[in-house]
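Visitor: Kindly generate the corresponding structure for this input.
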Amino acid sequence: MEDLSAVAIGLVSGVVVLIRGDFVHDKGIKQKIVFENNEPITGLEFCESPKANLLFISTKSKLMTVFTTGKYQGQSARMIEDKGCNIGCMTGKKSTQEVVVARDDAISFYSPSGRGPSYIYEGPKTSIFVFKSYIALISPTASPSDIEVQSTLRRFVNTIQSSENPFDTTKFTILDIENKLIAYSGQFVDGVKTIFSEWDELYVLGGDGQLYRHQERELQEKLEIMYQRNLYSLALSLAANASADSKRMLSIHKKFGDYLYDKGEYDDAMQQYLRAIEGGDASQVIRKYLDSQRIYNLTAYLEELHERRMATADHTTLLLNCYAKLKDTEKLELFIKSEGENIKFDLDTAIQMCRQGGYFQQAAYLSEKHGQTDLVVDINLQDLGDYKAGLRFMRSLSPEEMYYNLTRYGRLLLDNLPRETTELFIDYFTHKYVPQKVTLNAPGSGMEIMPDQQSTKDIQRPASPISGLSTYKNLIPYMTGSRPPSIMSAAESQHNIMSTIASRVVGSGFGVTSSTPVESESTETGETGLSTVQTEAGLDYKPPKPRTVFAMFVDHPMELIVFLEACISYHSIVGGKESDQIDMYSTLFEMYLQQAENCSTELEKRSWEDKCKDMVTGFKAPIDPSTVLLLSHLYSYKDGRILVRERESLYIDIFRSCVSVGDTLGAIDTLHKYGELEPVLYLLALSYFTSSPEVLELASDELQAVLKKIEQDRLMAPLQVIQALSVNAVATVGVVKGYLTEIIEREKREIETNRRLTESYRQETKSKQDEIHELENEPRVFQATRCSSCGAALDLPTVHFMCRHSYHRRCLNEVNENSECPQCAPNNATIRAIRRAQDDMADRHDLFKATLEEADDKFKLISDFFGRGVMEQVDFLVQ
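Guide: Reported below is the predicted structural model:
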């Protein structure tokens, strides 16, 4: 035993003697025969265990065990195997407490409980030795028929003289039992005396007296040898038994797959590639299997990539292409039905490929399931051409999403569903849009609209802007090309459109009290059986400017009229931005004129023109007069120009009309009447009164009044007046002599005032500079006898300031080098504040520019800014 507490000796006579005692100190040694038979003992080996020690005994014909300690000690030997072994062919494996027996046919393992595994390795054996997980074997002379052995030995024939037959050699073999391979094989010409291990290395003492050391190779070196021999299965086993890291295992699987692929075993190669999938190089594998004949293997590989969340957008594209080529709709639907957030593919790529492959229902389902509402609408409208389904789904979206899709596909929907689309426009822009629930069950099953709630109450809508109508629903005949209900008779047309709106608005909010009851509408059923339900109150959202969608109605003038009238009605009730109202009224005015121009009968044309007249005169619609004039000119609407002048009081046009007919007195009356309201008239009058001698003779007195008004209000500079009068030779110097004299006298007075003011500033500046020079260079004598704060006589300690004020120390709160005179401090603070304001003003270029643009006398403004010091450099001021 290893602790030298017992020694077993086997004799040729068949007796086994067990000796116990302290061999180190030679004390208490006892011996005992534990086994005897008629055959020589060929091997002994102890097997230790916590309960009892066991001694394995072998002979030529059998293998037995005997307990040397424990309660079974003294019992007769128990036969384990009816086969024995030669001398030196049995050894122990201490790590597992097993006994290894080498026979000619195999190597067998035995444990205390009985026989263990056996490994076939044929050939005679003379010795066995266990080293780590290896078994070293010594075999007798190799067979001369072994060509490989002969070729090796012939190289040593001339160098070996100790043996009569140079081919009588001993074979040394190291077996790797775990991996079932021969780890090493060598030849010893002079035989082997013994094998032992030390320092974690294996040593062999040859018959020639030389000691050979055998070292275990590193794992990578072992694997390289396996790669060279294409033993990839052994390489995997070797790496697994060596507890190699996952990276190395993946590399082996990859190499194994490449080897099998080169051999044409594509299915087996794919199995190895699947096991090495986490090692990367997916693109290389995919390129190998792009052949259509191996599409099943490629599909399996791509599915594994998605299962492990390693797929890219390109992988998703390729997998969907594979499904499409295989026409495997079942797998495709299973692929896109990944639940929740744990989708195993790139969503955008999957949707795109479904659309490209013609799987529109699957693409729509996938888009709707993962919240890609824009794509759902796009697929229904662009791919499936199901405009009703697309419009119904749009009605289920939030206001923001619905508006986005409406701006994208509004024109397409108007071309195919003009009535329904116009209603959607009106609902949204009149703040009555309410989303409806839509459920997309599965690919190909369509959409199911689930209403939020059903309303059995009447739905109040804004009054129609067309006389005699109460709701924009009644405007639908416009879209069918039939005659609008409002265009019935001349008597009906007398009720102007805007007066009708104003008279019907009672209260606030969205409610409208109309003489015509509003029809209750709770449920509408479409052709496909999908129910939609209107709700009573809209969501809190802010509709955009109506003008943003005008362009969508380019080819749908009737629908645009319906939309504009409904929006105008809504804005007249709840109020709105003036700019929006101007846009809507201007556009509606143009549409009326366009319809009047395209009418085939005079009655219809007069009806549309009456609507235009009502907008301009009957109700003060916020339309720009220039827009009315332009549109009236473009559509040959003669009454438009007259209506604008009557409504807008265009004084300049009135004056010009008098001038155009030579009515000088009328022009003078217009100037007197509207001159204060329109000062530009004085400028026009100045040019007109001097246009001819006849006009000047009639308006000579008025010309002086005009010149005086221009001077007082500074409507023109004197030079501009002279230039205006010098256009022709009608006006002489005598006409403007008084005007020029007064201008010159006023300028002289201003120059003199400025001169005196400049001189006073110069003197004040000189005084300040002298004072500063005195403070910097001359001593200051303080002769004050009383405190400037309390008025009492000064006594020490006393504080004197350079401004000649003196104080008791106790009359001041704090005294340091930064202290100021209490009396002068407010004035100093004011000066500093003014100076800071001037410094800040120097950087306000935008303020200077804005003030300069608004100033009448720009030179004076620039001089004023110079006077404030805002134009000076900071470093100059400091210096």
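Visitor: What sits closest to the residue nearest to the spatial centre of the chain if chain neighbours are left out?
Guide: Centroid-nearest residue in the chain: D348, 13.5 Å away (criterion: Cα atoms, centre = their mean). Spatial nearest neighbour of D348, excluding adjacent residues (Cβ to Cβ, 6 or more residues apart in numbering): A313 at 7.5 Å. All C-beta spots, glycine's among them, are computed from the backbone N, C-alpha and C.
Visitor: quick one, what contacts that neighbour?
Guide: Counting by Cβ atoms under 8 Å, 6 or more residues apart in numbering, A313 touches 346, 348-349.
Visitor: Repeat that for L219.
Guide: By Cβ under 8 Å, 6+ apart, the residues touching L219 are 238-239, 242, 244, 248.
Visitor: Greatest separation within these: which pair is it?
Guide: Using Cβ to Cβ, those span at most 10.5 Å, a distance reached by L238 and R248.
Visitor: Give me the residues contacting the longest strand seen in the chain.
Guide: The single longest strand within the chain, with elements called by DSSP state E, is strand 27-36. By Cβ under 8 Å, 6+ apart, the residues outside strand 27-36 that reach it are 8, 13-23, 55, 57, 64, 66, 68, 77.
Visitor: where along the stretch 751-879 of the chain do the strands fall?
Guide: 798-800, 806-808 (DSSP state E, counting those that start in this stretch).
Visitor: before we move on, back to that, model confidence score at the residue nearest to the centre of the chain, please.
Guide: Looking at D348, its pLDDT is 78.
Visitor: try Y387
Guide: In this model, Y387 is scored at 90, pLDDT.
Visitor: So it sits against N416, correct?
Guide: Yes. Y387 lies in contact with N416 (Cβ atoms under 8 Å); the separation is 4.5 Å.
Visitor: So which of the two has more stuff around it?
Guide: Using other Cβ atoms under 10 Å as the criterion, Y387 and N416 rank with Y387 on top: 18 against 15.
Visitor: In stretch 181-189, which residues are buried?
Guide: Within stretch 181-189, the residues that count as buried by 16 or more other Cβ atoms under 10 Å are 183, 188-189.
Visitor: what's the answer for stretch 814-821, then?
Guide: For stretch 814-821, burial by neighbour count (16+ other Cβ under 10 Å) applies to C821.
Visitor: wait, is K193 part of a helix?
Guide: No. Under DSSP: H, G, I helix; E, B strand; the rest coil, K193 falls outside any helix and is assigned strand.
Visitor: give the contact list for it.
Guide: With contacts defined as Cβ under 8 Å, 6+ apart, K193 is in contact with 205-207.
Visitor: Only the buried subset of those residues, as a PyMOL command please.
Guide: Buried residues within those, by 16+ other Cβ under 10 Å, are selected in PyMOL with:
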select buried, resi 206
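Visitor: Model confidence at P557, what's the number?
Guide: Reading off the confidence values, P557 has pLDDT 91.
Visitor: With adjacent residues omitted, what lies nearest to it?
Guide: M591 (5.8 Å).
Visitor: State the number of residues packed around that neighbour.
Guide: Should you count by other Cβ under 10 Å, M591 turns out to have 20 residues around it.
Visitor: What of C599?
Guide: Neighbours of C599 under the rule other Cβ under 10 Å: 16.
Visitor: one step back: next step: the contacts of strand 27-36 restricted to strands.
Guide: Short answer: these in strands (DSSP E) are 8, 15-22, 55, 57, 64, 66.
Visitor: so which of these comes closest to V735?
Guide: Looking across those and measuring by Cβ to Cβ, the closest to V735 is L55, at 151.3 Å.
Visitor: For the closest one, give its distance to V34.
Guide: Between L55 and V34 the computed distance is 7 Å (Cβ to Cβ, to the nearest Å).
Visitor: try Q783
Guide: Distance of Q783 to V34, given as Cβ to Cβ: 136 Å.
Visitor: Which one's more surrounded, those two?
Guide: For the pair Q783 and V34, the greater number of neighbours falls to V34 (20 against 6), based on other Cβ under 10 Å.
Visitor: Contacts only, for the nearest residue to that one once chain neighbours are set aside.
Guide: Once flanking residues are discounted, V34 sits nearest to L18: 4.7 Å by Cβ to Cβ, 6+ apart. By Cβ under 8 Å, 6+ apart, the contact set of L18 is 6-8, 31-34, 55, 68.
Visitor: If we use 6 Å, what do you get?
Guide: Contacts for L18 (Cβ atoms under 6 Å, 6 or more residues apart in numbering) come out as 8, 32, 34, 68.
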